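# From the sequence below, what's the structure:
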Amino acid sequence: MTLGLDYAAGRPSPDAIKAAGYDFVVRYLSDGGPGLPGKLLTPAEADALRATGIDIVANWETTADRMLDGYPAGVYDATLALAQVIACGGRGDRPIYFSADFDATPDQQGPIDDYLRGAASVLGPGNVGIYGGYWPVSRALDNATARWAWQTDAWSGSNRDPRAHLHQRIQQVTVDGITCDVNEALTDDFGQWSTPVVPQHDSGETPMDMNDFTAYMSNVVSDIKDIRQQLTGGRDRVDTPTGVDITASYPGWPQLGQNPDGTHRTIVDGLAAVLANLADLHTTVTALARTHAADTDAASNTGARQ
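Next comes the predicted model:
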């Protein structure tokens, strides 16, 4: 089990965090404020955490019900959050959790979802997470407005969403003199910055060099010419200063007969001729059948009069 901390009242030393048995921290991003000077992650702190082998997860949190300000607030907060992540050596392809730090009701889910959509317009939908109790977290996951979830025991009762990536326990510990919340990672990837970048289009195949490509395309061109020759009788199109030489480019096949203009038929011409002959044959057979039927009726009438 991988355990981590979140803290706001100060900054315990990375060595103390490691010695206490914790492997990651969820650190806060904010637009400022003097109330909790230790809340905001700083570049120096981030460097020290990384140097000690402690993973970092980012969470944006200002006022508890900030999400109720909707879409514009999400855009504004995500823009500042991403800038702070980059300033602290983080990456733009890792998620940022946004806090719904209150007992949100179903009626408040609309503004919460709008806030998360605003954040997604900055970060991309795949990089937006939510922190909160069971109900707003579950609703955001159901509505696909958050892809990452950090669920707290607060306001959750005994409910646990199995899709959550992080779980904040109702448990506090003191590390290096700072009161910290204890968190449990529920998945291997829970948004930590150290997760390796996964190539999106790496098939494991080596690139084709120019010689191989030329040889490959030569075969393709040859096959195309074979198909052209079968269809038209000519392997290549013949261009002249005045345009395409139709006779030379589409010589047709003597075996298929001639068109009315005396040129040899191509396969398409031959098929058209066969279809025309079939139509003529159908007309002839139909006429013969009608004649035969008329003759039969006439013979029957003659026999009846005798």
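# alpha carbons only for contacts and neighbour counts from here, please
Will do.
# how about the strands of the stretch 51-200 of the chain, start to end?
For the stretch 51-200 of the chain, the strands defined by DSSP state E, counting those that start in this stretch cover 55-60, 96-99, 128-132, 148-152, 166-175, 178-185.
# want to throw those strands into a markdown table with mean neighbour count?
What follows is the strands of the stretch 51-200 of the chain, written out as a markdown table (neighbours: other C-alpha atoms under 10 Å):
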| stretch | mean neighbour count |
| --- | --- |
| strand 55-60 | 23 |
| strand 96-99 | 28 |
| strand 128-132 | 28 |
| strand 148-152 | 27 |
| strand 166-175 | 16 |
| strand 178-185 | 20 |
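# can you list these in TSV and add distance to Gly70 and mean pLDDT?
Below are the strands of the stretch 51-200 of the chain laid out as TSV (distance: least, C-alpha to C-alpha, whole Å; pLDDT from 0 to 100):
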stretch	distance to Gly70	mean pLDDT
strand 55-60	15	98
strand 96-99	13	98
strand 128-132	14	98
strand 148-152	19	98
strand 166-175	24	97
strand 178-185	28	98
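# In CSV, list the ones you listed along with distance to Val197.
Shown next, in CSV, are the strands of the stretch 51-200 of the chain (distance: least, C-alpha to C-alpha, whole Å):
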stretch, distance to Val197
strand 55-60, 15
strand 96-99, 16
strand 128-132, 17
strand 148-152, 17
strand 166-175, 21
strand 178-185, 20
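# quick one, longest helix in the protein?
helix 267-305 (DSSP state H).
# so what does that one touch, helix or strand wise?
Where contact means 3 or more C-alpha pairs under 8 Å, 6 or more residues apart in numbering; DSSP states H and E, helix 267-305 is packed against helix 210-232, strand 253-258.
# hmm, try it at 6 Å
Applying 3 or more C-alpha pairs under 6 Å, 6 or more residues apart in numbering; DSSP states H and E, we find helix 267-305 packed against no helix or strand.
# in that helix, what's buried?
By neighbour count on 16 or more other C-alpha atoms under 10 Å, the buried set for helix 267-305 is 267, 269-270, 273.
# before we move on, what about stretch 26-42?
For stretch 26-42, burial by neighbour count (16+ other C-alpha under 10 Å) applies to 26-30, 38-42.
# Confidence-wise, which of those residues comes last?
pLDDT across these is at its lowest for Gly38, which sits at 81.
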